[in-house]
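*Asks:* Just to be clear, the model below is a prediction. Sequence and coordinates:
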Amino acid sequence: MADYLLNALVTLLVTIDPIGLAPIFLALTSGMTAGQRRDVALRAAIIAGLVLFVFAIAGEGVLTLLGISIPAFRIAGGLLLFWIAFEMVFERRDGRKKKSAEKALAEDQALGIEDVRHIAVFPLAIPLISGPGAISATILLAASAPTFVELVLLLVIIALLIATCVLVFLGANRLDRLLGDTGRTVLTRLLGVLLAALSVQFVADGVRAFVVAS
């Protein structure tokens, strides 16, 4: 159980990446009051948490309905997570996320949307917090849960990481000053290496399951 929970914690921590989202949150909420920022952070966290909860509980059933086997999804999900890890190691992920955020703001302005809470849904909750990587990791981890107890604990881990996002967002100014550009770069690369190793394990497990099944 301990190995599974540690694997789940590290995988979701890296794919959600609360610290990496801090500067993007600051950019998205620039000019807002403290109350507005708090509102945006809470709304985004609740929406992202619900999305991940749904995929943790029903993701495997959806795959079965679509005729996709768990081993196949492990391989595909592992490759996706490896690509995210590659971006993190070579500092490409933050740039991509910033472009997504800037595009969302530009679209809101073009549509004349003035409600500052709109960004809590897009792009903050989806796809920045609960993006393809986090969703894929959630489905893989839920499908790998040995018992119902581990699945419940996975939901607890998701809730804790979503709460961490809120805390990081609310303290984003201080955290940004504390880490600086160099600190963020070092941390991102280290987490990227960890995610790369975990993603290779997902692929290996999927290939092994295919071999056994055949």
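*Replies:* Good, I have the coordinates.
*Asks:* helix or strand for residue 176, which one?
*Replies:* Here residue 176, judged by DSSP states H and E, is contained in helix 172-213.
*Asks:* Let me fix that, I meant to ask about residue 78.
*Replies:* helix 70-89.
*Asks:* Okay, angle between that helix and helix 172-213 too, please.
*Replies:* 150 degrees (axes from the mean of the first three to the mean of the last three Cα atoms, to 10 degrees).
*Asks:* Average pLDDT for helix 70-89, rounded please.
*Replies:* For helix 70-89, mean pLDDT rounds to 90.
*Asks:* With stretch 51-59 instead?
*Replies:* The predicted confidence, averaged over stretch 51-59, sits at 96.
*Asks:* residues near residue 36, how many?
*Replies:* Residue 36: 13 surrounding residues under other Cβ atoms under 10 Å. Yep, even glycine has a C-beta here, placed from its N, CA and C like the rest.
*Asks:* Verify the stated contact: it with residue 29.
*Replies:* Yes - Residue 36 lies in contact with residue 29 (Cβ atoms under 8 Å); the separation is 7.0 Å.
*Asks:* In the protein, where is pLDDT below threshold?
*Replies:* 93-117, 214 (pLDDT under 70).
*Asks:* check contacts around the closest residue to residue 121 other than its chain neighbours.
*Replies:* Spatial nearest neighbour of residue 121, chain neighbours left out: residue 47 (5.9 Å); criterion: Cβ to Cβ, 6 or more residues apart in numbering. Going by Cβ atoms under 8 Å, 6 or more residues apart in numbering, residue 47 touches 120-121, 125-126, 130.
*Asks:* How about residue 135?
*Replies:* So residue 135 contacts 51-52, 55, 59 (Cβ under 8 Å, 6+ apart).
*Asks:* now, among these, which is nearest to residue 193?
*Replies:* Set against residue 193, the nearest of those by Cβ to Cβ is residue 52 (23.9 Å).
*Asks:* Mind telling me what element the closest one is part of?
*Replies:* Going by DSSP H and E, residue 52 is in helix 34-65.
*Asks:* Buried residues in that helix, which are they?
*Replies:* By neighbour count on 16 or more other Cβ atoms under 10 Å, the buried set for helix 34-65 is 37, 39-41, 43-45, 47-49, 51-53, 55-56, 59-60, 63.
*Asks:* and if you look at stretch 67-83?
*Replies:* Applying a neighbour-count criterion of 16+ other Cβ under 10 Å, one finds 70-71, 73-78, 80-83 buried in stretch 67-83.
*Asks:* and that stretch, how far from the chain's centre?
*Replies:* Here the centre of stretch 67-83 is set off from its chain's centre by 16 Å, with Cα atoms, centre = their mean, to the nearest Å.
*Asks:* now what about stretch 4-18, what contacts it?
*Replies:* Residues contacting stretch 4-18 (Cβ under 8 Å, 6+ apart): 81, 84-85, 88, 93, 129-131, 133-134, 136-138, 141, 144-146, 150, 153-154, 157-158, 161-162, 164-165, 168-169, 188, 191-192, 194-195, 198.
*Asks:* re the thing from before, neighbour count, distance to residue 203 and secondary structure added to the contacts of residue 47, as TSV?
*Replies:* Putting the contacts of residue 47 into TSV (neighbours: other Cβ atoms under 10 Å; distance: Cβ to Cβ, whole Å; DSSP: H, G, I helix; E, B strand; the rest coil) gives the following:
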residue	neighbour count	distance to residue 203	secondary structure
120	23	34	helix
121	15	33	helix
125	24	28	helix
126	17	26	helix
130	27	23	coil
